[in-house]
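*Asks:* Coordinates for the following, if possible.
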Amino acid sequence: MTYPESIQFLYGLRLFGAKFGLENTFKLAALAGNPQQSLRFIHVAGTNGKGSTCAMLESIYRAAGLRVGLFTSPHLVSFRERIQVNRELIAETDVVRLLAELRPLLQQFPADHHPTFFEVLAVMALQFFARQQCDLVIWETGLGGRLDATNIVTPMASVITNIALDHQPWLGDTLAKIAAEKAGIIKPGVPVFTADDGAEALAVMHRVAQDKYAPFQRVGPPIQSNPYPTSLLGDHQQRNAALALAVVAGLQPQIPVPAPAISTGLASVRWAGRLQLIQRPDGRKILLDGAHNAAGAAVLRAALEKAFSGGRQVFIFGALADKKWEAICTLLAPVAAKVLTVPVASERAAAAAELAAAFRSARPGLVAAPANDLAAALKAFDNEEFIVITGSLYLVGEALELLGAGTDAAGERRLNEWTAPARPVISVL
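*Replies:* Model (predicted):
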C-alpha cells in the first residue's frame, strides 16, 4: 500500500462504526504480540483539558531525557498527529508498514465483530511505541474511559482531568454517570490524580478508587500549587499544569525528574488549537480555540475577558449538531462584537443558520449571520485585526490548513468522522 491507500483503508474502517468494549482490542493486541506489555503508561481521561495535560506531561518527561510516546485524538489536520514520539509525528512509511502487518490479523475476526477504526489505531500505536522503545507513553482516552479501546493498558498513573457534561447520549446525562465512565480507567493499586472540584463527580471517582485500593489525590487550588509558568495561554492551563506536576511528583520514585526539566518542559510545551494565537504577516491576529462544549466555552470567555480585554471580539463559529451548541452560543454571545457562523466540514455539522439564530436569541441586537464556509467568513472579516475562530475542533483543524499553520495533509481530517455507538450500561454506580 501507499500512504494515501493506507488512509483510504483506515477511512473504510468507519463502515464498522464505533463501539464500546475491550474484547476486540484485547484480541487484536494479543494477535500483534501484546506490545503494551513492554511499555509504561500514564493514562489520561476527562472531559476537557486532556490534550493539554498530555502535552505538558510529554514535554516535562522529554525535557528530562526520556523517549516519550504521545497518543491523542482527534487530529486537527494530519492523521499522523495521533501517534508521536518525542513530538515527531509517525512517518508515513511507518503507517503503511504497520497497517500492512495488521491487515492479515483483521481477517481473524468475524464480519459482525470486525475491529473499528479506533481499535485498529490503538493497537497500531502500541506497536509503534514498543518498536520505538519508548521509555514512557502518555496515553489519552478516546471517549469515556471504562470501555474505551485505550483501557487495555495498566498504567503507572491514572489521570482524570475534570468532569463536565459532554457526549451525554453515550456517557450519561449526569455528572455522576459521566464520572463513572471516566473512572473506569482506574486500576487496582494504581494512583489516581484529578483536578476536578465537583462534589458529585469526586464522590464517584473516590469510591471507585477506594474499591480498587488505588491511592487518590485531588489537585488544587491550581494557581498556588504551580510555581512554574507554562507557555499555554489561559488561567485554566494553570489547573492542567498543577495536575501534570502532581503526577510527576507522584511518580518521582519510579521516574525521577529534576526541577530544571519540569521548568523547561512547561515553558516550552505546545498544543495546537487551544487558545492558539496566530500572528498574520500583516499584523492581524487570529485566536483558535476548540471550545466544543459549555465548559470549554466558559474557559474561552474567561480568557477573552482577561487576556484579550478591550471590548467584544469578532467570532467565526461552527459546531457539530450532536453538541449542546445552544449553550455554547449563549456563553459566547456577551463577548462577541459580531459573529459569522459556518458549517463544519463534517457529516454531523450543525446548520450555520441555526447557529446564527442561537447567537441572536442569546443577545438580541447582536449581528450574527451564516456564511457559506470558513474561507468565505475569513474573507468577509478581511479587515478585522483580531478574529476568534472557535467551536468544533474540526473547524480549528480546517483553519490551521487554510492559514498554513498545520501539516500538509489534505483530506485526512475526514478520519475524525465516526458513527455513534450505543450507550453502554453503566455498572459502577
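*Asks:* Give me the nearest residue to Ser52, chain neighbours excluded.
*Replies:* Spatially, and ignoring its direct neighbours in sequence, Ser52 is nearest to Asn240 (4.8 Å; CB to CB, 6 or more residues apart in numbering). Just so you know, the C-beta spots here come from the backbone N, C-alpha and C atoms, and that holds for glycine as well.
*Asks:* Quickly find the element holding that neighbour.
*Replies:* Per DSSP states H and E: Asn240 is located in helix 236-250.
*Asks:* Restricting to C-alpha, output that helix in PDB.
*Replies:* In PDB, the C-alpha atoms belonging to helix 236-250 read as follows (Å, rounded to 0.1, in the frame of the first residue of the first chain):
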ATOM      1  CA  HIS A 236      -7.300  27.100  33.100                       C
ATOM      2  CA  GLN A 237      -3.900  25.900  31.900                       C
ATOM      3  CA  GLN A 238      -2.600  26.500  35.500                       C
ATOM      4  CA  ARG A 239      -5.000  23.800  36.600                       C
ATOM      5  CA  ASN A 240      -3.800  21.500  33.900                       C
ATOM      6  CA  ALA A 241      -0.200  22.300  34.800                       C
ATOM      7  CA  ALA A 242      -0.800  21.700  38.500                       C
ATOM      8  CA  LEU A 243      -2.300  18.300  37.700                       C
ATOM      9  CA  ALA A 244       0.700  17.400  35.500                       C
ATOM     10  CA  LEU A 245       3.000  18.500  38.300                       C
ATOM     11  CA  ALA A 246       1.200  16.300  40.800                       C
ATOM     12  CA  VAL A 247       1.500  13.300  38.500                       C
ATOM     13  CA  VAL A 248       5.300  13.900  38.000                       C
ATOM     14  CA  ALA A 249       5.700  14.300  41.800                       C
ATOM     15  CA  GLY A 250       3.800  11.100  42.500                       C
END
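*Asks:* Other residues contacting that helix?
*Replies:* 42, 49, 52-53, 56-57, 60-61, 157, 159, 161-162, 191, 193-195, 217, 219-220, 222-223, 225-226, 228, 230, 232, 255, 257, 262, 266, 275, 299, 302-303 (CB atoms under 8 Å, 6 or more residues apart in numbering).
*Asks:* Select from those residues every entry located in helices.
*Replies:* Taking DSSP state H as the definition of helices, the contacts of helix 236-250 contribute 52-53, 56-57, 60-61, 262, 266, 299, 302-303.
*Asks:* now those: which count as buried?
*Replies:* Buried residues within the ones in helices among the contacts of helix 236-250, counting neighbours by 16 or more other CB atoms under 10 Å: 52-53, 56-57, 60-61, 262, 266, 299, 303.
*Asks:* in the stretch 201-350 of the chain, which ranges drop under the pLDDT threshold?
*Replies:* 221-227, 309-310 (pLDDT under 70).
*Asks:* helix, strand or coil for the residue nearest to Cys329 when sequence neighbours are not counted?
*Replies:* With CB to CB, 6+ apart as the criterion, Cys329 has its nearest non-adjacent residue at 3.9 Å, and that residue is Ala358. Here Ala358 is recorded as helix under DSSP: H, G, I helix; E, B strand; the rest coil.
*Asks:* any idea how far Ala358 lies from Gly391?
*Replies:* 12 Å (CB to CB, to the nearest Å).
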